[in-house]
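Asks: Below is the sequence, then the predicted model.
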Amino acid sequence: MATERPISPEARSILNAHISRRGVLAGVGGLGGAGLLAACGGSSSKSSSGNSKVVRWGNWPLYLDYDSKTKKYPTLEKFMTQTGLTAKYFEDYNDNDEFFGKVQAQLKLGQDIGYDVVTPTDWMAARWIRLGYSQKFDVANVPNKVNILDSLAAPSYDPQREATLTWQGIMAGFGWNTQKNPKGIHTLDDLFSPQNKGKIVVLTEMRDTIGIILLAQGVDITKVTETQFMNAVDFMAKKIADGWIRGVKGNEYAQDLTSGDATAVIGWSGDMFILSSENAGKFDFAIPESGGTISGDNLMIPSTASADGKKNAEALINYYYDPTVAAEVAAYVNYVCPVKGAQAAMEKVDPKLVNSEYIFPSDKTASRLHIFRSLTPAEETKWAEAFQKAQGN
């Protein structure tokens with residue numbers, strides 16, 4: 001067993017936001033969901049067509065409550081009924097760099113990117129803000145902003161929460177096919193067991209994949225040096241060259257698991273919980289013994305959203321910061337819920353989740369989750385290039 005480290009203030013901040021799980025297993029869990037690339041408004045068009053009653057939201061797959069019978073998103077349906085707005089929902093995020101690459105040129109030119117709300121991870125949200133690609137909230141339109149947990153209220157990239165609010169917190173660790181790995185995967189050595197050779201997928205999110213490798217190598221990722229980082233990248237590159245890792249992927253790694261092309265992954269907790277419940281417990285997830293990573297995704301309004309789009313986006317963001325709505329989402333997506341009052345609301349939404357270890361993690365669990373340190377722009381460029389080169393890009 002790895003020696004437990006004291007929990008970092010940053011990790012404690014995110015973990016103080018209640019981690020909710022649909023079905024809780026010892027050390028891992030089950031979940032439900034649907035991975036449809038759908039637009040909730042019945043249209044695949046991202047153009048508002050000048051309609052002042054439309055709000056367009058780009059988000060990650062498996063990241064909003066979904067009813068497989070009606071093929072609709074219940075909380076989003078309620079939002080439209082309450083506000084009279086039409087919400088168009090797009091599961092268009094695969095990884096942060098890929099999404100940013102698709103819209104960067106339009107952002108730079110000030111042209112509509114097709115979204116009024118986007119959902120970047122912390123480090124990418126920092127980039128959008130730094131480049132002037134986000135809009136500050138009209139506080140009067142987002143009164144529920146006060147419901148953000150105190151521990152999440154002042155991140156370094158947006159200390160007053162003027163342009164972002166946490167959507168969910170995300171944990172990365174090991175996921176696996178339980179039939180191929182009946183003993184589970186709890187260490188890097190377990191991941192690279194013979195039965196998984198050629199069937200391992202790791203995340204395109206550099207901070208998660210390399211972070212987990214670094215933690216397994218005994219490195220404190222809150223203080224990681226360039227030399228340590230490059231050593232971990234070399235480790236990954238060798239595993240790719242030697243035929244252990246079949247791919248470095250974004251959210252589509254879930255498809256590799258369900259098709260049988262992959263039997264083990266460095267992946268995200270919520271995705272694995274959903275795959276577990278949809279496949280009769282065929283998949284499982286664990287925080288590595290040496291530690292996992294934790295970060296947050298954020299609701300943000302692009303600089304290119306129109307005045308009407310911005311106002312409608314603020315109505316959407318405010319709605320999802322209602323404690324009951326937040327609890328309904330958390331009960332489905334199985335990620336960290338950042339909204340005050342969601343725990344009490346969960347009593348009515350799904351009482352089984354209220355005392356879950358993943359909703360209210362113990363210090364022991366919290367001590368195993370770490371945040372990758374902030375990088376300078378120069379480091380971000382150099383380290384990302386090394387990570388891409390290791391993939392053969």
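Replies: All right, it came through fine.

Asks: Let me see the ranges of the strands in the protein.
Replies: 18-19, 23-25, 28-30, 54-58, 86-90, 164-177, 200-203, 245-249, 264-268, 283-286, 292-300, 336-337, 369-370 (DSSP state E).

Asks: As CSV, those with mean neighbour count, distance to residue 386 and mean pLDDT would be great.
Replies: (Glycine included, C-beta is placed from N, CA and C.) CSV is the format used below for these (neighbours: other Cβ atoms under 10 Å; distance: least, Cβ to Cβ, whole Å; pLDDT from 0 to 100):
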stretch, mean neighbour count, distance to residue 386, mean pLDDT
strand 18-19, 27, 32, 36
strand 23-25, 18, 37, 27
strand 28-30, 24, 32, 31
strand 54-58, 25, 28, 98
strand 86-90, 21, 32, 98
strand 164-177, 26, 19, 92
strand 200-203, 25, 15, 98
strand 245-249, 21, 13, 97
strand 264-268, 29, 18, 96
strand 283-286, 26, 28, 93
strand 292-300, 26, 18, 92
strand 336-337, 29, 29, 80
strand 369-370, 25, 21, 86
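
Asks: For residue 106, find the nearest of these.
Replies: strand 54-58 (12.9 Å; Cβ to Cβ).

Asks: Count residues in the vicinity of residue 187, would you?
Replies: Residues within reach of residue 187, counting by other Cβ atoms under 10 Å, total 17.

Asks: Report the buried residues of stretch 273-287.
Replies: 273, 274, 275, 276, 277, 278, 283, 284, 285, 286, 287 (16 or more other Cβ atoms under 10 Å).

Asks: ditto for stretch 329-348
Replies: By neighbour count on 16+ other Cβ under 10 Å, the buried set for stretch 329-348 is 329-343, 345-346.

Asks: Repeat that for stretch 386-393.
Replies: For stretch 386-393, by 16+ other Cβ under 10 Å, it's 386, 387, 390, 391.

Asks: quick revisit: hmm, which two among the buried residues of stretch 273-287 are most spread apart?
Replies: 278 and 287 (21.6 Å).

Asks: burial of the residue nearest to residue 57 when sequence neighbours are not counted, as a residue count?
Replies: In space, and not counting its chain neighbours, residue 57 is closest to residue 117: 4.3 Å by Cβ to Cβ, 6 or more residues apart in numbering. Residue 117 is flanked by 25 other residues according to other Cβ under 10 Å.

Asks: OK, contacts around residue 117?
Replies: Each residue near residue 117 by Cβ atoms under 8 Å, 6 or more residues apart in numbering is listed here: 55, 56, 57, 58, 299, 300, 301, 313, 316, 317.

Asks: Which residue ranges of the stretch 51-200 of the chain form helices?
Replies: Along the stretch 51-200 of the chain, the stretches classed as helices by DSSP state H, counting those that start in this stretch are 74-83, 96-109, 122-130, 188-191.

Asks: Pretty sure residue 107 sits against residue 303.
Replies: Yes. Assessed by Cβ atoms under 8 Å, residue 107 is found in contact with residue 303 at 6.5 Å.

Asks: For these two, list the residues in contact with both.
Replies: What both residue 107 and residue 303 touch, as defined by Cβ under 8 Å, 6+ apart, is the set residue 133.

Asks: Straight-line length of stretch 314-329, end to end?
Replies: End-to-end distance for stretch 314-329: 18 Å, by Cα to Cα, to the nearest Å.

Asks: my bad, should have said stretch 369-379
Replies: End-to-end for stretch 369-379, by Cα to Cα: 23 Å.

Asks: hang on, the earlier thing: ok, the residue nearest to residue 57 to residue 324 distance?
Replies: Residue 117 is 20 Å from residue 324, where distance means Cβ to Cβ, to the nearest Å.

Asks: mean confidence score for stretch 136-146?
Replies: If you average the pLDDT over stretch 136-146, you get 98.

Asks: Compute the first-to-last residue distance for it.
Replies: 15 Å.

Asks: can you check stretch 197-211 too?
Replies: By Cα to Cα, the extent of stretch 197-211 from end to end equals 21 Å.

Asks: before we move on, what about stretch 198-208?
Replies: 20 Å.

Asks: which residues touch that stretch?
Replies: Here stretch 198-208 makes contact (Cβ under 8 Å, 6+ apart) with 94-98, 121, 123, 172, 180, 191-192, 209, 221, 236, 239, 243-250, 253, 256-257, 261-268, 293, 295, 372, 383-384, 387.

Asks: can you do 6 Å?
Replies: Applying Cβ atoms under 6 Å, 6 or more residues apart in numbering, the contact partners of stretch 198-208 are 95, 172, 209, 243-250, 253, 256, 262-266, 293, 372, 387.

Asks: Quick one: distance of that stretch to the chain centre.
Replies: 14 Å (Cα atoms, centre = their mean, to the nearest Å).

Asks: Dump the helices of the stretch 51-200 of the chain to TSV, plus mean pLDDT, distance to residue 379 and mean neighbour count.
Replies: Putting the helices of the stretch 51-200 of the chain into TSV (pLDDT from 0 to 100; distance: least, Cβ to Cβ, whole Å; neighbours: other Cβ atoms under 10 Å) gives the following:
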stretch	mean pLDDT	distance to residue 379	mean neighbour count
helix 74-83	98	38	16
helix 96-109	96	15	16
helix 122-130	94	11	21
helix 188-191	98	24	18
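
Asks: got JSON lines for those, with distance to residue 214 too?
Replies: Below are the helices of the stretch 51-200 of the chain laid out as JSON lines (distance: least, Cβ to Cβ, whole Å):
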{"stretch": "helix 74-83", "distance to residue 214": "37"}
{"stretch": "helix 96-109", "distance to residue 214": "19"}
{"stretch": "helix 122-130", "distance to residue 214": "16"}
{"stretch": "helix 188-191", "distance to residue 214": "10"}
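
Asks: Quick check: which of these is nearest to residue 167?
Replies: helix 122-130 (10.3 Å).

Asks: Residue 297 versus residue 59, what's the distance?
Replies: 8 Å.
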